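Undergrad: here is my input, please return the structure:
(chains A and B)
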Amino acid sequence: MAKAPVLTPQAEDFPRWYQDVVAKAELADNGPVRGTMVIRPYGYAIWERMQAELDRRIKDAGAANAYFPLFIPQSYLEREQEHVEGFSPELAVVTHAGGKKLEEAAVVRPTSETMIDAYFAKWVQSYRDLPLLLNQWANIVRWELRPRLFLRTTEFLWQEGHTCHATDTDARAYALRILREVYEDFVVNVMAVPVFAGLKTDREKFAGAVASYAIEGMMGDRKALQMGTSHVLGQNFARVFGITYLTESGDQEFAWQTSWGVSTRLVGALIMAHGDDGGLRVPPRLAPVQAVVLLVRDEDGAGERAAALRHELAGAGVRVELDARVDVTFGRRAVEWELKGVPVRLELGPRDATAGTVSLVRRDTTAKETVPLAGVAGRVTALLDEIQTTLYEQAVARRDTNTVDAESLDAARDAAQRGFSRLAWDGSGDAEDRLAEAGVTVRCLQRADGGLPESVDESGLFAVIARAY
RNA sequence: CGGGGAGUGGCGCAGUGGUAGCGCACCUGCUUUGGGGGCAGGCGGUCGGGAGUUCGAAUCUCCCCUCCCCGACCA
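TA: As a prediction, this is how the structure comes out:
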């Protein structure tokens, strides 16, 4: 019996489909204040998996976690001119507290450069203190005019790294290392989303940075989503916050800095990069639940078999759940797990219990196979690897078939309406304005071989152009 | 913040001045359970908020709030 679709089909209305997934997969709800978000347990479990993977990579890159205050004195923010100009439109400012007007207003952090740098100035004295590599997991507030759950909310969760280095070279190398070894590695190998890594144009650069690098992924509607950024700050903030150190030769010098972050926006990326008309499809390496054992009916010992199967899979290192809610119909539960994008479903009922088998269903292809219970753990772990690979290959195929090399600005502008375009870039003139008129932007600049440029003035660069979130 | 659309039970909707309705969900019972089952009986809404017009407002007027789409700004 054909039922009405669970979700609005992507082809019919992509934004609507996105909202449907967020609601039906129980990822998040709107908060009561415009732009705020309630992250529900399943959505938060996905974020926790992202955090765990990212945190390990961040620590491997030598940075340590710390925590700084939510409230920043307004005067701190105002010290770096470009920085305050960039952020002032979206600041939430506390002017009253404790029942009276504050002497100095406190800004709810939109990012923590100014707060952290005030302490870096205290802590950095000598070249022996460098490099100083910190990371913080925090919530931040940027008053958004057009919120969308996960993609752009007024309050969101993220990770922000802040570092000080003795030399420009060292700082630049570190910013690129984070981009490649933390962000790109995580997004490609765990989230299974291919990206273009590149340099932001001045117009897209972080307020106060010398250079901003980013990774850009293609979503299911062929629009681009920035999935992580890493900034070279030069000595801009060090100068205004007085972060100085004594060199080996006894000279006083300003520290060279970086900052970098990824946010809960990645959950939005996950939805849009892999989701289909059946709901979410979570890559196994990311999935908080990699496999679910679905007990069809507790007869002929099926219940015991299912519990044992769950135990065996857990023992094999699979993140597995047992769904033994036999008072809820089978079809309903199957749809529920599909919506949540759990990679592998193991259906076990009386027939299987008698035959000593179990049905394996892949979420990515919907392929179903019946296999003997003995040795099923090995089959499941192999399947998880296959699904990880399939999801990545599908995402690569979509990106590649929708990325075209353009010979002219007009051609690039036109192609970017339907996907990504690449165009030889000279940086001068009004090219970016002309692209903006068509609703598309330069997502990043790359060298011809895909490498990362040192500056926007480098010759021989290519622009990746697209509509963007 | 500009333009457009919309707020009626948890969700989706009907209801153009006269006693608030429908479908799904939810609860109870029976029956079912291998892809959103069936039957029967129930619970649940001061119609986004406020003010006004009127004998009477979900419905008309004004103000505000929220959500969605497009645009400018951004992770």
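
Undergrad: so what pLDDT did A:F14 get?
TA: Reading off the confidence values, A:F14 has pLDDT 86.

Undergrad: shouldn't it be in contact with A:R222?
TA: No - counting by CB atoms under 8 Å, A:F14 stays clear of A:R222, with 9.6 Å between them. C-beta here means a position set from N, CA and C on the backbone, and glycine is covered the same way.

Undergrad: ok, which stretches of the stretch 351-469 of chain A are strands?
TA: Assigned by DSSP state E, counting those that start in this stretch, the stretch 351-469 of chain A shows strands spanning A:357-362, A:368-372, A:403-406, A:420-425, A:441-447, A:461-466.

Undergrad: would you mind giving those as TSV with mean pLDDT, distance to RNA strand B and mean neighbour count added?
TA: Below are the strands of the stretch 351-469 of chain A laid out as TSV (pLDDT from 0 to 100; distance: least, CB to the nearest atom of the strand, whole Å; neighbours: other CB atoms under 10 Å):
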stretch	mean pLDDT	distance to RNA strand B	mean neighbour count
strand A:357-362	97	4	20
strand A:368-372	95	7	13
strand A:403-406	94	20	17
strand A:420-425	94	16	22
strand A:441-447	95	8	23
strand A:461-466	94	12	26
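
Undergrad: which one, of the ones you listed, ends up nearest to A:E104?
TA: Of all the strands of the stretch 351-469 of chain A, it is strand A:441-447 that lies closest to A:E104, at 37.2 Å by CB to CB.

Undergrad: can you check what angle separates the closest one from strand A:420-425?
TA: 60 degrees (axes from the mean of the first three to the mean of the last three CA atoms, to 10 degrees).

Undergrad: got the contact list for A:P343?
TA: By CB atoms under 8 Å, 6 or more residues apart in numbering, A:P343 lies in contact with A:281-284, A:287, A:290-291, A:362-364, A:383-384, A:387.

Undergrad: among the residues you listed, which ones are in helices?
TA: Secondary structure defined by DSSP state H assigns A:383-384, A:387 of the contacts of A:P343 to helices.

Undergrad: out of those residues, which one sits closest to A:E393?
TA: Compare each of the ones in helices among the contacts of A:P343 with A:E393 using CB to CB and the shortest gap goes to A:I387, at 10.7 Å.

Undergrad: hmm, the closest one is touching A:R345, no?
TA: No - if you go by CB under 8 Å, A:I387 and A:R345 don't touch, sitting 11.5 Å apart.

Undergrad: which residues are common contacts for the two?
TA: With CB under 8 Å, 6+ apart as the test, A:I387 and A:R345 both reach A:R363.

Undergrad: these two: who's more crowded?
TA: Taking neighbours as other CB atoms under 10 Å, A:I387 and A:R345 compare with A:I387 leading, 24 against 20.

Undergrad: separation between that one and RNA strand B?
TA: As judged by CB to the nearest atom of the strand, to the nearest Å, A:I387 and RNA strand B stand 15 Å apart.

Undergrad: what does A:I116 give?
TA: Using CB to the nearest atom of the strand, one gets 17 Å for the distance from A:I116 to RNA strand B.

Undergrad: one more: A:R319?
TA: From A:R319 over to RNA strand B the distance is 20 Å, taken as CB to the nearest atom of the strand.

Undergrad: go on, A:L286?
TA: Counting by CB to the nearest atom of the strand, the gap from A:L286 to RNA strand B is 18 Å.

Undergrad: how about that residue, what does it touch?
TA: Residues near A:L286 by CB under 8 Å, 6+ apart: A:46, A:49-50, A:53, A:190-192, A:270.

Undergrad: out of those residues, which are inside helices?
TA: A:46, A:49-50, A:53, A:270.

Undergrad: wait, A:V296 sits on A:G349?
TA: Yes - applying CB under 8 Å, one finds A:V296 in contact with A:G349, separated by 3.0 Å.

Undergrad: name the residues contacting each of these two.
TA: Common neighbours of A:V296 and A:G349 (CB under 8 Å, 6+ apart) are A:A302.

Undergrad: ok, and the closest non-adjacent residue to A:T354?
TA: Nearest residue to A:T354, sequence neighbours excluded (CB to CB, 6 or more residues apart in numbering): A:D300, at 5.5 Å.

Undergrad: backbone torsions only: list them for the residue lying closest to A:L313 once chain neighbours are set aside.
TA: Counting by CB to CB, 6+ apart, A:L313 lies nearest to A:V320, which is 4.2 Å off, once chain neighbours are set aside. The phi and psi values for A:V320, taken as degrees, to the nearest 10, are phi -130, psi 150.

Undergrad: burial measure for A:V320, as a count.
TA: Look at A:V320: counted by other CB under 10 Å, it has 23 neighbours.

Undergrad: and it, how far from RNA strand B?
TA: Taken as CB to the nearest atom of the strand, the span from A:V320 to RNA strand B is 16 Å.

Undergrad: that older thread, identify whichever of the strands of the stretch 351-469 of chain A lies nearest to A:L266.
TA: Among the strands of the stretch 351-469 of chain A, the nearest to A:L266 by CB to CB is strand A:441-447 (16.7 Å).

Undergrad: can I assume the residue nearest to A:L313 is in contact with A:L294?
TA: No - assessed by CB under 8 Å, A:V320 is found out of contact with A:L294, at 11.2 Å.

Undergrad: chain center to the host helix or strand of A:E82: distance?
TA: A:E82 belongs to helix A:81-87 when assigned by DSSP states H and E. From the chain centre to the centre of helix A:81-87 is a distance of 25 Å (CA atoms, centre = their mean, to the nearest Å).
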